[in-house]
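Q: below is the sequence, then the predicted model.
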Amino acid sequence: PYMINEANGTREYQSGFNDNILIHSNHISQNSTLSGGGGGIALYPGSDSYQVIWNFICGNMSFGDGGGIGHMGLSDNGLIAHNTILFNQSFNQGISVSGGGIIISGSAALPGQLLGSGSGSVKIVSNLVQGNLAGAGDGGGIRAAGVNGQDVERYSNQPRNWHSVDMFNNMIVN
């Protein structure tokens, strides 16, 4: 999922060019994925300024990370708000997978690089996250991993420019 930058010869993650996606007022249930992340909803690099709002996300399964919602790689300015995220699961007996309800995860470092891309900044606001399971990993409700990376290297003395995950007014239970 990366390309070689012709101008300077460096490896860079390929953007999906899926900016400004709006996933609104859906019933997303009983879906699954065998690899990757996001059994119910999967957002991969290049989904900048997405909004996942007012959805019912229930009973989804991922053999990768993120049973309900998987934000995987660099997508900046995401919003996950006013959703009901119930009884989703990430489980794989062979490897550790995380984020039963939601995972926010940056991409791993590419060959020859020390740091990954980070996840981009995301706001998680006013959701009910209940009864989700990370059967063989961390974050039954919500997991954030690799949020920062090259952003810290690029703006080492400017923490205001680093990626962040802000969580406000959520109920994360069971």
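A: Alright, I've got the coordinates. Residues are numbered from 1 along each chain as shown.
Q: tell me the secondary structure for residue 172?
A: State at residue 172, reduced to three classes by DSSP: H, G, I helix; E, B strand; the rest coil: strand.
Q: quick check: pLDDT value at it.
A: For residue 172, the model assigns a pLDDT of 97.
Q: same thing with residue 3?
A: 59.
Q: try the one 5 residues further on
A: With respect to pLDDT, residue 8 has a value of 69.
Q: residue numbering should commence at 10 henceforth.
A: Renumbered: residue one is now 10, and that last one reads residue 17.
Q: so what's the residue nearest to residue 127 when sequence neighbours are not counted up against?
A: Spatial nearest neighbour of residue 127, excluding adjacent residues (Cβ to Cβ, 6 or more residues apart in numbering): residue 158 at 3.8 Å. Glycine gets a C-beta too; all of them are placed from N, C-alpha and C. Residue 158 makes contact with 115, 116, 118, 124, 125, 126, 127, 172, according to Cβ atoms under 8 Å, 6 or more residues apart in numbering.
Q: what about the closest residue to residue 179 other than its chain neighbours, how many neighbours?
A: In space, not counting the residues next to it along the chain, residue 179 is nearest to residue 136; the distance is 4.9 Å by Cβ to Cβ, 6+ apart. Residues lying near residue 136 (other Cβ atoms under 10 Å) number 28.
Q: got phi/psi on residue 136?
A: Per-residue torsions, residue 136: phi -110, psi 150 (degrees, to the nearest 10).
Q: just among the contacts of residue 158, which is most surrounded?
A: Going by other Cβ under 10 Å, residue 115 tops these with 26 neighbours.
Q: pLDDT score assigned to the nearest residue to that residue once chain neighbours are set aside?
A: Using Cβ to Cβ, 6+ apart and skipping the chain neighbours, the partner closest in space to residue 115 is residue 155 (3.4 Å). pLDDT, residue 155: 96.
Q: hang on, isn't residue 155 packed against residue 128?
A: Yes - using Cβ atoms under 8 Å, residue 155 makes contact with residue 128 at a distance of 6.4 Å.
Q: give the intersection of the neighbour lists for the two.
A: Counting by Cβ under 8 Å, 6+ apart, the residues touching both residue 155 and residue 128 are 114, 115.
Q: what about these two, which has more around it?
A: For the pair residue 155 and residue 128, the greater number of neighbours falls to residue 128 (29 against 20), based on other Cβ under 10 Å.
Q: residues in contact with the spatially closest residue to the more buried one that is not a sequence neighbour?
A: Among residues not flanking residue 128 along the chain, residue 115 sits closest, at 4.2 Å (Cβ to Cβ, 6+ apart). Residue 115 makes contact with 82-83, 125-129, 154-158, 172, according to Cβ under 8 Å, 6+ apart.
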